[in-house]
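Visitor: return a 3D structure for these sequence lines:
(one chain, ligands or ions: 1)
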Amino acid sequence: MSLLFQPGRIGNMELKNRFVRSATVELLCTDEGHVTDEYLRAYERLAKGGVALILPGNYVVNPLGHNYPKAPTVDNGEVIDDLRKVVSVVHEHGAKIVAQLNHAGRQADPKLIDAKPVGPSPVRDKMSLVKPRQMTEKEIVKTIDDFGEGARRVKEAGFDGVQIHGAHGYLINQFLSAYTNRRKDEWGGSIENRMRFLVEVFQAMRSRVGPDYPILIKINAEDFAKTGVHPEECVVHCKKLEELGIAAIEVSGGIAEKGLNTIKGDLPMDLFLEGRGPVERLMVRLMRGSLEKSAAFEEGYFLSQATTIKKNVKVPVLAVGGLRTRKMMEEVLESGQADFISLCRPFIRQPNLVRLLERDDGDPISCTSCNRCSIEILFHKKPMRCYKS
Ligand SMILES: Cc1cc2nc3c(=O)[nH]c(=O)nc-3n(C[C@H](O)[C@H](O)[C@H](O)COP(=O)(O)O)c2cc1C
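Guide: Predicted coordinates for the structure are as follows:
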């Protein structure tokens, strides 16, 4: 039997195959963040479709951390009843579910949070032009606690584990990266100091969820910024996390201001320009060359970084980013480059993808990384579905 369909394990989680649905913003909840029937149906479809492990779109840990509307926030106990329903539909169909917890930091949407976004240092985001307010020591300590409390709530709701969002230019990645973290206190400077926030987030979670509950991370091995995180630095992060007891590491890359590195594929310029004002349109046109470069697709575009991490840790590694053919997915597992195959856009188009792959040995994946879903969902805030024309 192909390794793709052999069971795997992350911490104490038994997974029926090696497929993971990478965290995906859905915009399917109400404006107040309550779970809707549509949200539940989307997760039921995915679970029925055969994927072993599902990560819903990032759940935000405090009111300053929002990047997208219409998602549950885990900053209060009222959310637990809603989350129980999500866990229940997924478990009913034999899949596991892990909640990704996030704080967007300087990539938070100022309109959504109705305040100036915060970050480790006041480094302006060149894409959104947001210059964040530097977090105070007190805010840092409070935010660490919020991550811990968020983890406690998702455990109470029945999730099988929790994933720290340490990637994609959000707050944890901002602390890790010398590009966005210019602090001179104990939270910045040396790599140990820049890791302190993540280490304390991990410890705050662990203290709330107990010793055996799986805590995973999605981490940037490459920020694509000059002084940003790069693979050798990420190895140091991952070794430390392994020492602390991380259950698995999903290896990704890219930050918002550096374009479409996270979601390489086509750059549908018509959609990308839609709804932007004259200044933004001009900026996008000026940046077109670098945007196109950032989006240039090759299959398995973070595989070399995942392989580097895999060589340096013993915990399971999840490969993500442009995995599109059965052949490559099998090779990744057989060669030991990674232990799990994590996909996002293909599951938006084909939630039943794993069943299709199981049915015969053909190559049924029809996602072409056209990125119309990325633009419609992430930029135009439309609900999660395939927008391929
Ligand atoms: C619409 C959309 C929403 C996403 N939302 C999240 C998210 O909430 N958390 C996260 O870590 N990554 C998010 N991502 C990134 C994906 O999880 C994944 O890392 C990336 O799309 C590459 O995988 P793929 O080539 O299989 O799509 C999102 C990507 C897309 C296209």
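Visitor: and for Gly362, the neighbour number?
Guide: Burial measure for Gly362: 9 neighbouring residues, criterion other CB atoms under 10 Å. From N, CA and C alone the C-beta is placed, and that goes for glycine too.
Visitor: can you tell me the SS state at it?
Guide: coil (DSSP: H, G, I helix; E, B strand; the rest coil).
Visitor: interface residues of the stretch 1-150 of the chain facing the ligand?
Guide: Near the ligand, the residues belonging to the stretch 1-150 of the chain are Ser22, Ala23, Thr24, Val25, Gly57, Asn58, Gln100 when assessed by CB under 6 Å from any ligand atom.
Visitor: same thing but at 5 Å, please
Guide: By the criterion of CB under 5 Å from any ligand atom, the positions of the stretch 1-150 of the chain lying close to the ligand are Ser22, Ala23, Thr24, Val25, Gly57, Asn58.
Visitor: want to try a markdown table for these, with neighbour count, distance to Met13 and pLDDT as columns?
Guide: Output for these, formatted as a markdown table (neighbours: other CB atoms under 10 Å; distance: CB to CB, whole Å; pLDDT from 0 to 100):
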| residue | neighbour count | distance to Met13 | pLDDT |
| --- | --- | --- | --- |
| Ser22 | 23 | 16 | 98 |
| Ala23 | 27 | 16 | 98 |
| Thr24 | 22 | 19 | 98 |
| Val25 | 19 | 23 | 98 |
| Gly57 | 24 | 20 | 95 |
| Asn58 | 27 | 20 | 96 |
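Visitor: restricted to strands, list these.
Guide: Taking DSSP state E, the ones among these that sit in strands are Ser22, Ala23, Thr24.
Visitor: please give me every residue in contact with the first one.
Guide: Contacts were defined as CB atoms under 8 Å, 6 or more residues apart in numbering; by that measure Ser22 touches Leu55, Lys218, Glu250, Leu318, Val320, Ser342, Leu343, Cys344.
Visitor: now with 7 Å?
Guide: Going by CB atoms under 7 Å, 6 or more residues apart in numbering, Ser22 touches Leu55, Val320, Ser342, Leu343, Cys344.
Visitor: over to the last one?
Guide: The neighbours of Thr24, taking CB under 7 Å, 6+ apart as the test, are Gly57, Cys344, Ile348, Met384.
Visitor: wait, doesn't Leu101 sit right on Tyr170?
Guide: No - assessed by CB atoms under 7 Å, Leu101 is found out of contact with Tyr170, at 10.4 Å.
Visitor: what does stretch 101-121 rub up against?
Guide: 58-67, 69, 74, 125, 130, 132-135, 139, 143, 147, 150-151, 162, 164-165, 169-171, 174-175, 180-183, 187-188, 256.
Visitor: name the element the residue lying closest to Arg385 once chain neighbours are set aside belongs to?
Guide: With sequence-adjacent residues excluded and distances taken as CB to CB, 6 or more residues apart in numbering, Arg385 is closest to Ile348, at 6.8 Å. Per DSSP states H and E, Ile348 falls inside helix 345-349.
Visitor: for the ligand, tell me whether that helix is touching it.
Guide: Yes - applying CB under 5 Å from any ligand atom, one finds that helix 345-349 is in contact with the ligand at Arg345.
Visitor: next SSE downstream of that helix?
Guide: Counting by DSSP H and E, the next helix or strand C-terminal to helix 345-349 is helix 353-359.
Visitor: and that following helix, what's its mean pLDDT?
Guide: For helix 353-359, the mean per-residue pLDDT is 96.
Visitor: convert it to PDB, retaining C-alpha atoms only.
Guide: Taking Å, rounded to 0.1, in the frame of the first residue of the first chain, the C-alpha atoms of helix 353-359 are listed here in PDB:
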ATOM      1  CA  LEU A 353      -9.600  14.600  -2.700                       C
ATOM      2  CA  VAL A 354      -8.300  11.800  -0.400                       C
ATOM      3  CA  ARG A 355     -11.200   9.500  -1.400                       C
ATOM      4  CA  LEU A 356     -10.400  10.300  -5.100                       C
ATOM      5  CA  LEU A 357      -6.800   9.400  -4.600                       C
ATOM      6  CA  GLU A 358      -7.700   6.200  -2.800                       C
ATOM      7  CA  ARG A 359     -10.100   5.100  -5.500                       C
END
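Visitor: does that helix come close to the ligand?
Guide: No - Helix 353-359 lies out of reach of the ligand by CB under 5 Å from any ligand atom, never closer than 10.6 Å.
Visitor: give me the contacts around that helix.
Guide: Contacts for helix 353-359 (CB under 7 Å, 6+ apart): 4-5, 17, 19, 49-51, 326, 346-347, 350, 364-365.
Visitor: wait, which of those is closest to the ligand?
Guide: Taking CB to the nearest ligand atom as the measure, the ligand lies nearest Pro346 of the contacts of helix 353-359, at 5.8 Å.
Visitor: picking up where we left off before, tell me which of the contacts of stretch 101-121 fall in helices.
Guide: Secondary structure defined by DSSP state H assigns Glu139, Thr143, Phe147, Gly150, Ala151, Leu171, Gln174, Phe175 of these to helices.
Visitor: okay, among the contacts of Thr24, which ones form the most distant pair?
Guide: Greatest spatial distance in the contacts of Thr24: Gly57 and Ile348, 11.3 Å, computed using CB to CB.
Visitor: just the strands in the stretch 101-250 of the chain please.
Guide: Ranges of strands within the stretch 101-250 of the chain are 118-119, 133-134, 161-166, 215-222, 248-253, based on DSSP state E, counting those that start in this stretch.
Visitor: hey, which of those is tucked in deepest?
Guide: strand 248-253 (a mean of 29; mean count of other CB atoms under 10 Å).
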